[in-house]
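> I'll drop the sequence and a predicted model, then ask my questions.
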Amino acid sequence: MKGNLQQLITLQQADLRLEELALRKRRVPEMVEAARQPLQAAQAQRDSLKKEFDLAVKERKAREQDLAAQEQAISKLDDRALKGEIKTNKEFQAHKFEVDLAKKKKGEIEEQLLILMDQVDAMKKELTRLEEAAKTADQHFILEKSSLEASVSALDEELAELTRTRKEIAGAVEPSLVRRYEKLRATRKGVALAAVSKEGSCMACRLHIEPQIVAEVKRADNILTCSYCQRILYWTGGQAQPPAEPERSSEEVAAQETARPRSR
């Protein structure tokens, strides 16, 4: 029975490892998406600034056109004066007002244009930086994605090897015990066996087990289960207690147990 119990323990270890590997494989796509997020954030920041930059460049060109138009208007006003088209003082005052207004408007456009030029230059520098940051993030993502995809191949290899090993282990156990084990796995969240702690508790449900049951678990002569969670119990450390000698009285046995040092 000890051999079967040890095989069941090994079988459970294999099954738990298989579940762990399968879970890691299922999480790889999530990890790829998580690795993609810094790249997406960098690209979004770059693209947002690119839109602002394009609008600023468009606005700057519009102001340049406005300035050219205003300079042309001032030039036409100057031509009127040079050609002697202004005859009276009233016409002169009106002309002067029109020229002053055009020059004032020109000055406003020039001021707006200078601000836009500074903005465009600053945006261009920042856009260059963000493009480099997006490029770096893309390179990092490619490496991370390749690493994760490579890990899937390694996981598949280990899964295949462990599945073969698991089949061999299960084949070495009595079929009835395997069926019992599988039923417990299905109803106990994948854990069919539970170790007994040195304090005498089931390490799965954390409830206390009767001392006599603990002693029998240590001897491993029979398959025993936790009376609370029904999992198969096994002992992981310490010396198994020898079976009680039938010819001795209960008083003698109790006296011997009292005198015997407790195992740690």
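Yep, that arrived. Numbers count the residues shown, from 1 in each chain.

> all strands of the stretch 151-264 of the chain, in order?
Taking DSSP state E, counting those that start in this stretch to define them, one finds strands in the stretch 151-264 of the chain at 193-196, 232-235.

> Export those strands as TSV, with columns for mean neighbour count.
(Glycine included, C-beta is placed from N, CA and C.) Output for these, formatted as TSV (neighbours: other Cβ atoms under 10 Å):
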stretch	mean neighbour count
strand 193-196	22
strand 232-235	22
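
> and of those, who's closest to residue 12?
Nearest to residue 12, of all the strands of the stretch 151-264 of the chain, is strand 193-196, at 4.9 Å by Cβ to Cβ.

> Which residues are in contact with the closest residue to residue 11 other than its chain neighbours?
Nearest residue to residue 11, sequence neighbours excluded (Cβ to Cβ, 6 or more residues apart in numbering): residue 169, at 4.8 Å. Residue 169 is in contact with 7, 10, 11, 14, counting by Cβ atoms under 8 Å, 6 or more residues apart in numbering.

> For the third one, list the residues it contacts.
Which is residue 11. By Cβ under 8 Å, 6+ apart, the residues touching residue 11 are 166, 169, 170, 173, 178, 181.

> ok, it to residue 180 distance?
As for residue 11, its distance to residue 180 is 12 Å (criterion: Cβ to Cβ, to the nearest Å).

> Dump the strands of the stretch 151-264 of the chain to a markdown table, plus distance to residue 46 and mean pLDDT.
Output for the strands of the stretch 151-264 of the chain, formatted as a markdown table (distance: least, Cβ to Cβ, whole Å; pLDDT from 0 to 100):
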| stretch | distance to residue 46 | mean pLDDT |
| --- | --- | --- |
| strand 193-196 | 55 | 96 |
| strand 232-235 | 59 | 96 |
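
> would TSV of these with distance to residue 39 be doable?
Output for these, formatted as TSV (distance: least, Cβ to Cβ, whole Å):
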stretch	distance to residue 39
strand 193-196	45
strand 232-235	49
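
> in stretch 180-198, what counts as buried?
Neighbour counts using 16 or more other Cβ atoms under 10 Å place 180, 181, 184, 185, 188, 191, 192, 193, 194, 195, 196, 197 of stretch 180-198 among the buried residues.

> what's that stretch in contact with?
8-9, 11-12, 15-16, 19, 173, 202-205, 209, 214, 217-218, 226, 229-238, 264.

> Okay, now that stretch: how far is its last residue from its first?
26 Å (Cα to Cα, to the nearest Å).

> quick check, distance from it to the centre of its chain.
Using Cα atoms, centre = their mean, to the nearest Å, the mean C-alpha position of stretch 180-198 is found 30 Å from that of the whole chain.

> Compute the distance between the residue nearest to residue 11 and residue 12, please.
10 Å.

> now do residue 206
Using Cβ to Cβ, one gets 18 Å for the distance from residue 206 to residue 12.

> between those two, who's got more neighbours?
residue 12 (22 against 11; other Cβ atoms under 10 Å).

> which SS state does the more buried one fall under?
Of the three states, residue 12 takes helix under DSSP: H, G, I helix; E, B strand; the rest coil.

> Can you measure across stretch 195-214, start residue to end residue?
10 Å.

> What does the pLDDT read for residue 97?
Residue 97 is assigned 89 on the pLDDT scale.

> for the one 3 residues further on, same thing?
You'll see residue 100 listed with a pLDDT of 91.
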